[in-house]
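**Q** quick one, structure for this:
(chains A and B)
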Amino acid sequence: MATVTNNPALRRKAVRARLRTLGFLSPWLVGFTVFFGYPLVATVYFSFMHYNQIETPTFVGLRNWRYVFEQMPLFGPALWNTLWLVVVMVALRVVFGLGIGLLVTKVKAGVGFFRTAFYLPYLAPPVAATVAFVFLLNPGTGPVNDILGKIGISAPNWFNDPAWAKPSLVLLSLWGIGDLMVIFMAALLDVPKDQYEAAELDGAGALHKFRYVTWPSITPIVMFAVVTGVVQTMQYYTQALVAGKLASGVSIGPGSVIQPGYPDHSTLTVPQLVYSLGFQNFNTGAACVLSLVLFAIAMAVTTLLMRRRAGLLSAED
Amino acid sequence: MTATTTLTAPSAPVRPRARRSPAPAARRRAALHWIAVHTVALAAALFFLLPFVFVFLTAVMSDSQAMSGDLWPTEWHWSNYADVFRTPGFLDWWRNSLMYAVLGTLFTLCSSIPVAYALAKFRFRGRRTAMLLVISTMMLPPQVIVVPMYLVWAQQFHLSGSLWPLIIPMAFGDAYSIFLLRQFLLTIPREYLESARVDGCGELRTLLRIIIPMAKPGIAAVALFQFFYCWNDYFGPQIYAAQNPGAWTLSYGLESFKSAHSVNWNLTMAATLLVMAPVIIVFFFAQKAFVEGVTLTGVKG
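**A** Sure, this is the predicted structure:
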């Protein structure tokens, strides 16, 4: 900030300003170093160590890395599932969220009712929502298959069928679309009205108006939804884990080890595999390798998306 | 919805360009449009609300009926809710969730507000870098650093089996809260700060007397988000509290509740509703702050 000066009074003031800034930032500086910097470095360190969390760690070079990439049978499915969810879930959430947002702006009667109805499921805690969906979609007594059966549709086995487990999770995530709906609704209401009228005068139909008036003004928000969606889906854990555990019907107490990703590893995500390696198999080294893979993918995807739209840092910077 | 409203509603939108009364064909098209929009909206509302209805109906069924495919309860067993509360541990989970959410939110606010203020309003070298670091922390999946973090808490501090490893870090700033608060503080005009400085207010006084009162809506939204985050958190309690059922939260306990009552969907659904209830009640009281907050996340996007 201040230019270098020999005036001791000015310099003292500059030092005071620097100290003041440091003072305000100090909670975060400490937190960033201790709860982010240190564990990140430690993750790299442990990825080269053999460590079962009891004996002292021993250096094993690239053995953990080789193990994860060449021998670990679950690495492939976990990576595939996470990427599948990132692509399909994020895309469908954005499309569906935009659709519901558009619908809410078009509704004339009962606006408050519709907004609340569409928003409410977003508030349901993930575990509770997942438990509810495992019940609703369970093939035996679940109301959904019951109703589908009555109207003559042969229903899938949802969370119990490897081909349907991930789509069921997508359905669950579409149910909780409320956050995107609100964001899109705000963006849609911000589109200047006179532009629509101008387009109407030019004889533009609904599709044309969406393409040439609505879309250009909401692309930043769509981009924002995609970036945050990707970030969230990279960490997708709770719903997949709970759905797999509950649908498997295995009675599980604390500490009991079950194969994650029921049915047939179809819901196993990378974060679940990190947990399973680090906290069930006590294979610290492999867990840290996998953490770093997740870190690398998360960083790559977000920088790629952020470069196209650096808007998270606002104009003031 | 009666037929008369359907017919009168289409004329409601006031167009700035005054026209002669619309031609019958145009009116009919508008009416059809109205019906189409509201039919789709009603269908969508069913998709969003029916799960709640089914969960609620199952929650009051008898044990045997809950195992059948019935949709409507023959007898209403409200006592299922009492049974859930009588389950050993359920009240402890409730207390733990509340402690985690309340302390977590308070710690987060106290530590994040000054940081956000400095990032929004101070000019200093490295400000942009600091902001980039905050955003990258936000983007990082928590699972990336969890293994070494767990080892520190368990081996150095012997705090595994409690929720403290989740609560204590919140006293050192939370990236997402810092980011949101900063976005909000940017909207406060600089003039307010300058006039405070002219009046001889120190930075801390300016923050407490001027900024915090003006930023109340933003702070309320961040507080709600953090409260919900803690209440909903499953991964954190699973890592640190799993070994000790006395430290479980509702979100973590609910899953084991299902396992323990594997055949009693009615009790599980009652418990599920009881886990959802506080969040939904808080929402109805703080609806405005909440929706403002969600919009805030996207506003600068």
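**Q** pLDDT weak spots in chain A?
**A** Counting by pLDDT under 70, the low-confidence segments of chain A come to A:1-6, A:250-258, A:306, A:308-317.
**Q** go on, the stretch 1-150 of chain B?
**A** B:1-22.
**Q** is chain B contacted by stretch A:108-124?
**A** Yes: applying Cβ under 8 Å from any Cβ of the partner chain, one finds stretch A:108-124 touching chain B at A:108-110, A:113-114, A:117-121, A:123-124. Where you see a C-beta, it was placed from the backbone N, CA and C, and this is true even at glycine.
**Q** no wait, stretch A:19-32
**A** Yes: using Cβ under 8 Å from any Cβ, stretch A:19-32 reaches chain B at A:20-21, A:24-25, A:27-28, A:30-32.
**Q** contacting residues around that stretch?
**A** Stretch A:19-32 has contacts (Cβ atoms under 8 Å, 6 or more residues apart in numbering or on different chains) with B:111-112, B:114-115, B:117-119, B:122, B:124, B:130, B:133-134, B:137, B:169, B:171-173, B:178, B:203.
**Q** the same query, at a cut-off of 7 Å, please.
**A** Under the contact criterion Cβ atoms under 7 Å, 6 or more residues apart in numbering or on different chains, stretch A:19-32 has outside partners B:111, B:114-115, B:117-118, B:122, B:124, B:133, B:137, B:169, B:172-173, B:178, B:203.
**Q** again with stretch A:184-192
**A** Contacts for stretch A:184-192 (Cβ under 7 Å, 6+ apart): A:97-98, A:101-102, A:104-105, A:213-214, A:217-218, A:221, B:295, B:298.
**Q** between the contacts of stretch A:19-32, which is closest to residue A:88?
**A** Residue A:88 has its nearest neighbour among these in residue B:137, at 27.3 Å by Cβ to Cβ.
**Q** the closest one and residue A:37 touch, don't they?
**A** No: using Cβ atoms under 7 Å, residue B:137 makes no contact with residue A:37, being 9.9 Å away.
**Q** who's more crowded, the two?
**A** Neighbours per residue, other Cβ atoms under 10 Å in any protein chain shown: of residue B:137 and residue A:37, the larger number sits with residue B:137, 21 against 14.
**Q** which one of the residues of stretch A:19-32 next to chain B is nearest residue B:31?
**A** Nearest to residue B:31, judged by Cβ to Cβ, of the residues of stretch A:19-32 next to chain B is residue A:28 at 57.3 Å.
**Q** give me the element the residue in the stretch 1-150 of chain A that chain B sits nearest to is part of.
**A** Nearest residue of the stretch 1-150 of chain A to chain B, counting by Cβ to the nearest Cβ: residue A:31, 2.8 Å away. Element membership for residue A:31, per DSSP states H and E: helix A:8-32.
**Q** may I see the buried residues of that helix?
**A** A:17, A:20-21, A:24-28, A:31-32 (16 or more other Cβ atoms under 10 Å in any protein chain shown).
**Q** what of stretch A:259-275?
**A** By neighbour count on 16+ other Cβ under 10 Å, the buried set for stretch A:259-275 is A:260-263, A:265-275.
**Q** pick out the most distant pair among those residues.
**A** Every pair of the buried residues of stretch A:259-275 checked by Cβ to Cβ; the farthest is A:263 and A:274, at 20.9 Å.
**Q** show me which of the contacts of stretch A:184-192 are buried.
**A** Buried subset of the contacts of stretch A:184-192 (neighbour count, 16+ other Cβ under 10 Å): A:97-98, A:101-102, A:104, A:213-214, A:218, A:221, B:295, B:298.
**Q** which of the residues you listed sit farthest apart?
**A** Greatest spatial distance among those (Cβ to Cβ): A:213 and B:295, at 21.2 Å.
**Q** show me the helices in the stretch 101-250 of chain B, by range?
**A** Here the stretch 101-250 of chain B has its helices, by DSSP state H, counting those that start in this stretch, at B:127-139, B:146-151, B:164-167, B:175-186, B:190-198, B:203-206, B:212-214, B:216-232, B:235-241, B:250-260.
**Q** if we can go back for a sec, now the residues of stretch A:19-32 next to chain B as CSV including distance to residue A:72?
**A** Output for the residues of stretch A:19-32 next to chain B, formatted as CSV (distance: Cβ to Cβ, whole Å):
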residue, distance to residue A:72
A:20, 51
A:21, 46
A:24, 46
A:25, 41
A:27, 39
A:28, 37
A:30, 36
A:31, 33
A:32, 32
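**Q** show me the contacts for the spatially most central residue of chain B.
**A** Taking Cα atoms, centre = their mean, the centroid of chain B lies closest to residue B:228, which sits 4.0 Å from it. Residues near residue B:228 by Cβ under 7 Å, 6+ apart: residue B:279.
**Q** quickly find the element holding the residue in the stretch 51-200 of chain A that chain B sits nearest to.
**A** The nearest approach of the stretch 51-200 of chain A to chain B comes at residue A:183, 3.8 Å away (Cβ to the nearest Cβ). Per DSSP H and E, residue A:183 falls inside helix A:178-190.
**Q** now do the helices in the stretch 151-300 of chain A.
**A** For the stretch 151-300 of chain A, the helices defined by DSSP H, counting those that start in this stretch occupy A:162-175, A:178-190, A:193-201, A:206-209, A:215-234, A:238-248, A:270-275, A:284-308.
**Q** of these, which stretch is the most buried?
**A** The highest average neighbour count among the helices of the stretch 151-300 of chain A, using mean count of other Cβ atoms under 10 Å in any protein chain shown, belongs to helix A:270-275 at a mean of 26.
**Q** what does it contact?
**A** Helix A:270-275 has contacts (Cβ under 7 Å, 6+ apart) with A:74, A:78-79, A:82, A:235-237, A:240-241, A:260-261, A:287, A:290-291, A:294, B:141, B:143.
**Q** just the CA trace of stretch A:232-241, in PDB.
**A** Extracted in PDB, the C-alpha atoms of stretch A:232-241 (Å, rounded to 0.1, in the frame of the first residue of the first chain):
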ATOM      1  CA  GLN A 232     -20.500 -30.700  -4.300                       C
ATOM      2  CA  THR A 233     -20.700 -33.900  -6.400                       C
ATOM      3  CA  MET A 234     -17.000 -34.500  -6.100                       C
ATOM      4  CA  GLN A 235     -17.600 -34.900  -2.300                       C
ATOM      5  CA  TYR A 236     -20.800 -36.900  -2.800                       C
ATOM      6  CA  TYR A 237     -20.800 -39.200   0.200                       C
ATOM      7  CA  THR A 238     -23.600 -39.200   2.700                       C
ATOM      8  CA  GLN A 239     -26.500 -40.100   0.500                       C
ATOM      9  CA  ALA A 240     -24.600 -42.800  -1.400                       C
ATOM     10  CA  LEU A 241     -23.300 -44.400   1.700                       C
END
